[in-house]
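[1] this one's sequence-less:
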């Protein structure tokens, strides 16, 4: 098991702080289908409670590694749920504390202001970011600040990287669905099924569930909107800086070399098996399951060509999401979707020379690289960094706009935003960076953040927009600026920054559409699968 002393101390101190400041009245209990859980009182929720580390599925270990999640094993007596469960296995990422992890990681956390089955509060289920290779449910402390506004908040861990998205012919052969990979998405679906069956015991309404995700979490929500397996498990969606309909997924069997994808799901799985010294054959899966999680992580970390993410597998994701949205076959739910003005400033340096920039473009859009360059032209090394940042932020904005348009086409309400708040301190050069909205939603800011006038008011405004959307399907409340629903004529969005106002989308998005439309047409997808675009 991987460990981080720093992160362990942080997480332990959070739990200890909760325990020390909890009121002395009796600890709250709730009855789930697997058994009784006992949570703890939370000062921020005077009449509420938190339940941390509830198993929502069986431990995916041993023979259950690379299997769809199974129901959690029932227990006898009362289970204390006052500490977060371990994160799922992952390699270190430079943007978050490295957590204590275990393969036994399918745990959820609940915050509620009214732990009573009579409350029937709307529910927000949050999916964390991290590229589906890193992250954990307790990373962003959204629970108390959102739950106090009258919703039940659920966060969770789900399998990541080679444990969550490993496809291999031997696994497919053993599957009754003739599929492998996408186990992380299946975990999320199992989580939503758990919520449907159990959340009323914590004061939640299983008929008013909003899924909310940032970055990869938003991307996953977009994918679940295309999956028949997730249909009916949620009733609204909040998608922050994550989109799946303006991109292509890797295919389980057919190689694709586009948008950063290398090969197929199978080719990545077979490469990992080879790196681990496991030969193809009838005993391959047994041998792979016998290898320690730590060794799998180590081998994956040292082979940069190994990529593990969601794939078109024919069962969980039956076809390219772009095709599903183009045909209007996605889930019919209200959507709140948006991006930040300066998404890529926290992603690392990116290409620095013209040669590297062209290499990136060819890897990104293959035969459309010249068209992409015309949208973000860099004619000298000095311009490369700026154009690269504009490209990244433009594509995030395009993805959000495209999703809003797709929902409007099927007459489902969608609400589009663009976050423009810029900190005045050391972080000012980052602009409205990727994930910045989470600071305001959680009311927790980085140590080098410079508090600003109206920061508290702005954060409360975002929290009220988000929770009111979960309550009604419309982000509005008395005293807040009006947020018009997106329509195909005026294309309004709400700017969220030092000014909060409706405004039209940037004309740049129409120009990006001229690039993306031919790329995402079904015939073109086949071409990408058939050709090596490297």
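    Yep, it's here. Treat the numbers as computed from the prediction; the structure is a model and nothing was measured.
[2] Tell me how many other residues crowd residue 196.
    Residue 196 has 17 neighbouring residues, counting by other C-beta atoms under 10 Å. From N, CA and C alone the C-beta is placed, and that goes for glycine too.
[3] Please apply the same query to residue 195.
    Residue 195 has 25 nearby residues by other C-beta under 10 Å.
[4] mind listing what it touches?
    Residue 195 is in contact with 123, 125, 154, 204, 206, 209, 233, counting by C-beta atoms under 8 Å, 6 or more residues apart in numbering.
[5] The helix or strand harbouring the first one pairs with which strands?
    Here residue 123, judged by DSSP states H and E, is contained in strand 121-127. Sheet partners assigned to strand 121-127 using DSSP bridges are listed as strand 152-156 (parallel), strand 204-214 (parallel).
[6] can you redo those as a markdown table with mean neighbour count?
    Shown next, in a markdown table, are those (neighbours: other C-beta atoms under 10 Å):
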| stretch | mean neighbour count |
| --- | --- |
| strand 152-156 | 29 |
| strand 204-214 | 23 |
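[7] Turn these into JSON lines, columns for mean pLDDT.
    Below are these laid out as JSON lines (pLDDT from 0 to 100):
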{"stretch": "strand 152-156", "mean pLDDT": "98"}
{"stretch": "strand 204-214", "mean pLDDT": "98"}
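[8] Dump the ones you listed into a markdown table; add distance to residue 286 as well.
    A markdown table is the format used below for the strands paired with strand 121-127 (distance: least, C-beta to C-beta, whole Å):
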| stretch | distance to residue 286 |
| --- | --- |
| strand 152-156 | 29 |
| strand 204-214 | 35 |
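[9] and of the ones you listed, who's closest to residue 69?
    strand 152-156 (11.4 Å; C-beta to C-beta).
[10] Identify all contacting residues around the helix or strand following the closest one.
    Following strand 152-156 in sequence order, the next helix or strand is helix 161-164 (DSSP H and E). By C-beta under 8 Å, 6+ apart, the surrounding residues in contact with helix 161-164 are 60, 65-66, 88-91, 103, 132-134, 158, 183-185, 187, 272, 293, 296-297, 300, 306, 308.
[11] repeat for stretch 363-382
    With C-beta under 8 Å, 6+ apart as the criterion, stretch 363-382 contacts 257-260, 352-354, 357-358, 361-362, 383-384, 386-388, 390-391, 394, 508, 511-512, 514-515, 518-519, 528, 531, 533-534.
[12] what about 7 Å?
    Residues outside stretch 363-382 that contact it (C-beta atoms under 7 Å, 6 or more residues apart in numbering): 258-260, 352-354, 357, 361-362, 384, 387, 390-391, 511-512, 515, 519, 528, 533.
[13] related to what we said a few turns ago, rebuild the contacts of residue 195 as TSV, extending it with distance to residue 115.
    Formatted as TSV, the contacts of residue 195 follow (distance: C-beta to C-beta, whole Å):
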residue	distance to residue 115
123	13
125	17
154	13
204	10
206	15
209	17
233	22
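[14] Quickly name whichever of those is closest to residue 481.
    residue 123 (26.1 Å).
[15] The most centrally placed residue in the chain in helix, strand or coil?
    When C-alpha atoms, centre = their mean is applied to the chain, the residue found nearest the centroid is residue 217 (0.6 Å). Of the three states, residue 217 takes helix under DSSP: H, G, I helix; E, B strand; the rest coil.
[16] circling back: which members of the contacts of residue 195 are the farthest-apart pair?
    Pairwise across the contacts of residue 195, and taking C-beta to C-beta, the largest span is found between 204 and 233, at 13.5 Å.
[17] Okay, and which of the contacts of stretch 363-382 map to helices?
    Those of the contacts of stretch 363-382 mapping onto helices are 354, 357, 361-362, 384, 387, 390-391, 511-512, 515, 519, 528, per DSSP state H.
[18] Just the buried ones from those residues?
    Among the ones in helices among the contacts of stretch 363-382, those classed as buried by 16 or more other C-beta atoms under 10 Å are 357, 361, 362, 384, 387, 390, 391, 512, 515, 519, 528.
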